[in-house]
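> I need the structure of the sequence given here:
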Amino acid sequence: MRNVFLFSALAVLAVSGAVTAAEPGAAAAEPAAALPQDAAEVNTLDKLFAELKRERNPQAAERISKRIWNEWHKSGSASIDLMMKWSNDAVAAQKYDVALDFLDEVVTLQPAFAEGWNRRATVHFIMRNFGKSMADIERTLELEPRHFGALSGMAQIMKDTGRKELALQAWQRVLDIYPMMRSAQGEIAALSEELAGESI
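Okay, here's the model as predicted:
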């Protein structure tokens, strides 16, 4: 099981790196059914990610990242939005099983909605169900390879399970997308120092 988990993490890192390193617009070349956004929303995300990569002011970059999150949260369905809200309310009340019930419905009804998978990955992470969280992170990244939130979750899982080198790789992928994310910068500095100390 440990080997399967490790292989899955390596595969997700490799796939996310290959896609985001491609030519600009490569993600938009996915089949139309892969993403719920219409062409205008995809174009908006492409522009925002280009701005995020260029921005060197941390506060300005954070504002751009919030605009990206706003785009990600657009499901295009009032019922999906309502279930996402109910899942948030359940998490706030620490009713994680209830939150998962709603999120199971979300990903069943709208499997191309990346944020549904990412939200379910987050709940699994809170419950320490790392294997299930990784599976949902993998699906999130298939739908949106630039999802720095999902990559951050993967990095945290790798760190919490003692896979520091994989955690470092995941945080580096985050910085490739969002160079001014301070938490990622701090994690990379700390992990690099730890790994350097262990190699002595």
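> contacts, neighbours, all on C-alpha from now
Will do.
> K66 versus P111, what's the distance?
Counting by CA to CA, to the nearest Å, the gap from P111 to K66 is 23 Å.
> what about the closest residue to A150 other than its chain neighbours, how many neighbours?
Nearest-residue entry for A150: I137, 5.6 Å, with adjacent residues in sequence omitted and distances by CA to CA, 6 or more residues apart in numbering. Each residue near I137 was counted by other CA atoms under 10 Å, and the total is 28.
> so who does I137 touch?
If you count contacts by CA atoms under 8 Å, 6 or more residues apart in numbering, I137 has them with 117-118, 121, 150-151, 153-154.
> pLDDT score for it?
Here, the pLDDT recorded for I137 equals 98.
> Buried residues in the strand or helix carrying it, which are they?
Secondary structure assignment for I137, by DSSP states H and E: helix 130-143. Judged by neighbour count (16 or more other CA atoms under 10 Å), helix 130-143 contains these buried residues: 130-143.
> out of those, who's nearest E198?
F130 (25.1 Å; CA to CA).
> Relative to A184, how far out is that closest one?
Separation of F130 from A184 (CA to CA): 20 Å.
> any idea which element the residue nearest the centre of the chain lies in?
The chain has A150 as the residue nearest its centroid, 1.6 Å off, counting by CA atoms, centre = their mean. Here A150 sits within helix 148-160, counting by DSSP H and E.
> Same question for S192.
Per DSSP H and E, S192 falls inside helix 182-199.
> same question for that helix, mean pLDDT?
Helix 182-199 shows an average pLDDT of 93 in the prediction.
> so what's A135 up against?
Each residue near A135 by CA under 8 Å, 6+ apart is listed here: A121.
> Same check on the one 4 residues further on?
Neighbour list for R139: 114, 117 [criterion: CA under 8 Å, 6+ apart].
> All further residue positions should be reported with the first residue as 829.
Understood, numbering begins at 829; the last thing we discussed is R967.
> In the protein, where is pLDDT below threshold?
Residue ranges of the chain with pLDDT under 70: 829-867, 869, 1028.
> Show me where it has its strands.
In the chain, no segments count as strands under DSSP state E.
> Can you give me the distance of S1020 to E943?
To E943, S1020 is 30 Å away according to CA to CA.
> quick one: which of those two has more around it?
Set side by side, S1020 and E943 give different neighbour counts by other CA under 10 Å, the larger being at E943 (25 against 15).
> Next, work out how far apart the more buried one and R967 are.
10 Å.
> try A918
Distance from A918 to R967, counting by CA to CA: 23 Å.
> what's the answer for S893, then?
S893 sits 21 Å away from R967, taking CA to CA as the criterion.
> OK, contacts around K992?
Counted by CA under 8 Å, 6+ apart, K992 has contacts 986, 1019, 1023.
> so L876 touches I896, yeah?
Yes: with contacts counted by CA atoms under 8 Å, L876 reaches I896, the gap being 6.6 Å.
> What sits closest to V919 if chain neighbours are left out?
What sits nearest to V919 in space, not counting adjacent residues and going by CA to CA, 6+ apart, is A927, at 6.0 Å.
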